[in-house]
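Trainee: need a 3D model of the sequence below.
(4 chains)
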2 protein chains.
Amino acid sequence: MRRGLEFKKKARVILVDDNYEHLSGIKELIEIESDFDVVATATSASVAISLIKKYRPEIVLMDINMPEKDGLTAIAEIEKLDLGVRTIALTGYDDPDLIFRAMKIGAKGYILKTMASAQLIYAIDEVASGKIYLPATLSSRFFEYFQKSFKEETQAVSDEENLLNYLTQREEEVLDLLTQGVTYKGVAQKLFISETTVKTHVNNIFQKLQVNDRTQAVLYALNNGFLNRRKVKIAI
Amino acid sequence: MRRGLEFKKKARVILVDDNYEHLSGIKELIEIESDFDVVATATSASVAISLIKKYRPEIVLMDINMPEKDGLTAIAEIEKLDLGVRTIALTGYDDPDLIFRAMKIGAKGYILKTMASAQLIYAIDEVASGKIYLPATLSSRFFEYFQKSFKEETQAVSDEENLLNYLTQREEEVLDLLTQGVTYKGVAQKLFISETTVKTHVNNIFQKLQVNDRTQAVLYALNNGFLNRRKVKIAI
DNA sequence: TGCTATCTAGACCAGATGGTCTATAAATAA
DNA sequence: TTATTTATAGACCATCTGGTCTAGATAGCA
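Mentor: Residues are numbered from 1 along each chain as shown, chains lettered A, B, ... in the order given. Below you'll find the predicted structure:
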C-alpha cells in the first residue's frame, strides 16, 4: 500500500497481455503491492479496446508484443478514442525504435517486463498522477534515437550543398509561391511582374536546383529546408 | 569524490555561464564534490567555442540564457564541429520548448540551476559515460510537448476529412509517383499503362482532392500524411 | 441479374509549362 | 570605368498538362 491513506480516488487499471500467466502475475502484483484497482484484464488488443470503452479506466497497461493486432496499433486506437485513458507500454524489448514509436503515438509510459515490480508500481503512480514516465535508461535510449534521426535529417546537406542558397531574393519569392501551388499567372499578379519574367525566374530556378519541372522544384524546396525554419521533419 | 578510485581518465569539463559568480560557484562545486577536471571556464559562447577547440574537453556545461550568442546556438555550433564534445544545457527555466530545442540540436543533458548539486554531478557522470541524461521531471515535460506537437500534426484532420482516404489503390500509386516529381509519361512507363490512363487517374485525383494541378495535389498529399507512415513532421 | 466501382484508353482541344535566345535597366563589384 | 549580377521582358516553339466526353473490361455487390 504505497500510497497509504489519501483522499484521491483509487486509479482503475486494465491489463492487456496475450500471455495469461503473465497477466495474472501482474494483476496479483498490483493488487498486493499497490492500491490500484484492476477492473479488467484482456489477452487481446481488440477485447481490450471494448473493455476500455466499457470501464473507462484511468490506466491501461498494454503489452506491445501480441499476435493479431499489436500493442502499438492498439495504443494508437485508444488515443484516438480520446477518452482520457493513459496507456503504459509494457514489453520485453528496449528497442529504441519501439520506444520512440510508442511515445510518438501517445503512450504515457514505457517499462520493461524485466524491471523490478516496484518500478512498475511507481510508473503507474506517476502516470496516474498525470505525468509521463520513462525510466532513465529507456529515456536515454529514446534520446539517442531521437537525436540521431534528427541529425540525419537536418545535417544531410551542408549549406554549400544546399542549392537553395544559390537562389536570389526574387527567385526565392517565386519559388515560395510555387510551393504554395500558385500558377505562373498567379505569381505574375502577386509579384506585379509579367508572366514572361516569371518564366525567366522559374527557368533560372530549375537550372540552379538542377530539376526539370515545378513539381521537382517544389519537392526540392520542401526537402531542403525552404520552410524548415518553422517545421522540421523527423525520420521514423 | 563520488567515483573514488578508478582507472578511467578523469573527464575534463568546460563551464560556460555569463554570470561570473555562478561560474565560480559551479567550478568550486565540481572540484570539491567530484573528480572531474574543470579545464576552463568562459563567460560568453564565442569564447567558449574557441576554448573547446583548444582543450577538446569531454563535457561542456552550457548556460542557455546568455546575451549575444545564446546557449542553444552555441550548442548547435559545437555539435556541428563534431569533436565528440558532449554538452549539457544548464538553465533556470524548465520551459518545455527550450528543453525540446536543446535535445533536438544535440544536447546530451539538461538540468536546472535550482536542482541539487548532487544531481548536477550525477548528470555529468552519466553524460560522461556516454548516456543522455534528463531528470525525470524535465523528461516528463519534454514528452508532453513532444506528444502534443505530434498530435497537432497528425490528428489535424480526421480520417473522414482526409481526402486522401477516398483515393483508390491505383490512384494512390499514381499520386505517389507524382510526389516524386515523375511526369505523366514516366508514370505511364512505371505502371505499364498508357499516358491517357494516367491522365484519367490524375483527373480523378484532382477531383477527389479538390485541387487544380499536380503541384497542389503533391502539396496536399505531403501535408496530409501521404508519406507519414515513414516520415513525420514535428512543429518546432 | 443488373448496378456500381475501378481500371483501362482513346479523341479533341485549350491553355500552361518549359527551353532557348535576345535584350534593357539598375545596381554592384572589380 | 568596366564587368557582373539581378530583375525585367519579349519572341518562338515544342511539349506537357488539364478538361471533357466516351467507352470497353472486370470484379464485386445487391
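Trainee: need the contact list for the closest residue to residue A:186 other than its chain neighbours.
Mentor: Nearest in space to residue A:186, with sequence neighbours left out and distances taken as CB to CB, 6 or more residues apart in numbering or on different chains, is residue A:177 at 7.0 Å. Every C-beta, even on glycine, is put in place using the N, C-alpha and C of the backbone. With contacts taken as CB atoms under 8 Å, 6 or more residues apart in numbering or on different chains, residue A:177 has the following neighbours: A:186, A:187, A:190, A:191.
Trainee: need the buried ones from those residues selected in PyMOL.
Mentor: For anyone working in PyMOL, the buried entries among those, judged by 16 or more other CB atoms under 10 Å in any protein chain shown, can be selected with:
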select buried, chain A and resi 187+191
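Trainee: ok, and which of the contacts of residue A:177 reach DNA strand C?
Mentor: The overlap between those and the neighbours of DNA strand C (CB under 7 Å from any atom of the strand) is empty.
Trainee: next helix or strand past the helix or strand harbouring the residue nearest to residue A:186?
Mentor: If you go by DSSP states H and E, residue A:177 is part of helix A:169-178. Helices and strands here follow DSSP H and E; after helix A:169-178, the next one along the chain is helix A:184-191.
Trainee: okay, the angle between whichever helix or strand comes after that following helix and helix A:169-178?
Mentor: Per DSSP H and E, helix A:184-191 leads on to helix A:195-209 as the next helix or strand towards the C-terminus. An angle of 100 degrees separates the directions of helix A:195-209 and helix A:169-178 when computed by axes from the mean of the first three to the mean of the last three CA atoms, to 10 degrees.
Trainee: and helix A:195-209, what's buried?
Mentor: Within helix A:195-209, the residues that count as buried by 16+ other CB under 10 Å are A:197, A:198, A:201, A:202, A:204, A:205, A:206, A:208, A:209.
Trainee: if I pick residue A:72, what's in contact with it?
Mentor: With contacts taken as CB under 8 Å, 6+ apart, residue A:72 has the following neighbours: A:64, A:89, A:98, A:101, A:102, A:105.
Trainee: swap that for residue A:89, sorry
Mentor: Neighbours of residue A:89 in contact, by CB under 8 Å, 6+ apart: A:62, A:64, A:71, A:72, A:75, A:98, A:102, A:107, A:109, A:110, A:111.
Trainee: show me the two of those that sit farthest apart.
Mentor: Of all pairs drawn from those, the one with the longest distance (CB to CB) is A:72 and A:111, at 15.0 Å.
Trainee: residue A:30 contacts residue A:121, doesn't it?
Mentor: Yes: taking contact to mean CB atoms under 8 Å, the distance of 7.1 Å between residue A:30 and residue A:121 places them in contact.
Trainee: between the two, what contacts are shared?
Mentor: Residues within reach of residue A:30 and of residue A:121 at once, by CB under 8 Å, 6+ apart, are residue A:36.
Trainee: count the residues that sit near the residue lying closest to residue A:122 once chain neighbours are set aside.
Mentor: Closest residue in space to residue A:122, ignoring its immediate chain neighbours: residue A:133 at 7.7 Å, by CB to CB, 6+ apart. Taking other CB atoms under 10 Å in any protein chain shown as the neighbour definition, residue A:133 ends up with a count of 26.
Trainee: how about residue A:32?
Mentor: Residues within reach of residue A:32, counting by other CB under 10 Å, total 10.
Trainee: which SSE is residue A:87 in?
Mentor: Going by DSSP H and E, residue A:87 is in strand A:86-91.
Trainee: mind listing what the host helix or strand of residue A:62 pairs with, with the direction of each?
Mentor: With secondary structure defined by DSSP H and E, residue A:62 is part of strand A:59-63. The sheet places strand A:59-63 alongside strand A:12-16 (parallel), strand A:86-91 (parallel), with pairing taken from DSSP bridges.
Trainee: angle of the helix or strand just after that strand against strand A:86-91?
Mentor: Later in the chain than strand A:59-63, the nearest helix or strand by DSSP H and E is helix A:71-81. Counting by the same axes, to 10 degrees, helix A:71-81 lies at 180 degrees to strand A:86-91.
Trainee: the residue nearest the centre of chain A sits in which helix or strand?
Mentor: To find the centre residue of chain A, average its C-alpha atoms and take the closest one (CA atoms, centre = their mean): that gives residue A:104, at 2.0 Å. Counting by DSSP H and E, the element that carries residue A:104 is helix A:96-105.
Trainee: and that helix, does that touch chain B?
Mentor: Yes: between helix A:96-105 and chain B, judged by CB under 8 Å from any CB of the partner chain, the touching residues are A:103, A:104.
Trainee: what is the mean pLDDT for stretch A:149-163?
Mentor: Per-residue pLDDT over stretch A:149-163 has a mean of 66.
Trainee: from what I can see residue A:108 touches residue A:79, true?
Mentor: No: counting by CB under 8 Å, residue A:108 sits too far from residue A:79 to count as a contact (9.7 Å).
Trainee: show me which of these two is the more surrounded one.
Mentor: Using other CB under 10 Å as the criterion, residue A:108 and residue A:79 rank with residue A:108 on top: 28 against 19.
Trainee: picking up where we left off before, and the helix or strand that the helix holding residue A:104 is followed by, what does it pack against?
Mentor: Next helix or strand after helix A:96-105 toward the C-terminus (DSSP H and E): strand A:109-112. Contacts of strand A:109-112 with other secondary structure elements, assessed using 3 or more CB pairs under 8 Å, 6 or more residues apart in numbering or on different chains; DSSP states H and E, are made with strand A:86-91, helix A:96-105, helix A:117-128, helix A:136-154.
Trainee: of the ones you listed, which approaches residue B:221 most closely?
Mentor: Comparing those against residue B:221 with CB to CB, the closest turns out to be helix A:136-154 (19.4 Å).
Trainee: now that closest one - C-alpha only, CSV.
Mentor: Presented in CSV, the C-alpha positions along helix A:136-154 are these (Å, rounded to 0.1, in the frame of the first residue of the first chain):
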residue,chain,number,x,y,z
ALA,A,136,16.2,6.8,-17.1
THR,A,137,17.8,4.0,-19.2
LEU,A,138,15.0,3.9,-21.7
SER,A,139,14.8,7.7,-21.8
SER,A,140,18.5,7.8,-22.6
ARG,A,141,17.9,5.3,-25.5
PHE,A,142,15.0,7.3,-26.7
PHE,A,143,17.0,10.5,-26.9
GLU,A,144,19.9,8.8,-28.7
TYR,A,145,17.5,7.7,-31.3
PHE,A,146,15.7,11.0,-31.4
GLN,A,147,18.9,12.9,-31.9
LYS,A,148,20.3,10.5,-34.5
SER,A,149,17.2,10.7,-36.7
PHE,A,150,17.3,14.4,-36.3
LYS,A,151,20.9,14.8,-37.3
GLU,A,152,20.4,12.7,-40.4
GLU,A,153,17.5,14.8,-41.5
THR,A,154,18.9,18.2,-40.8
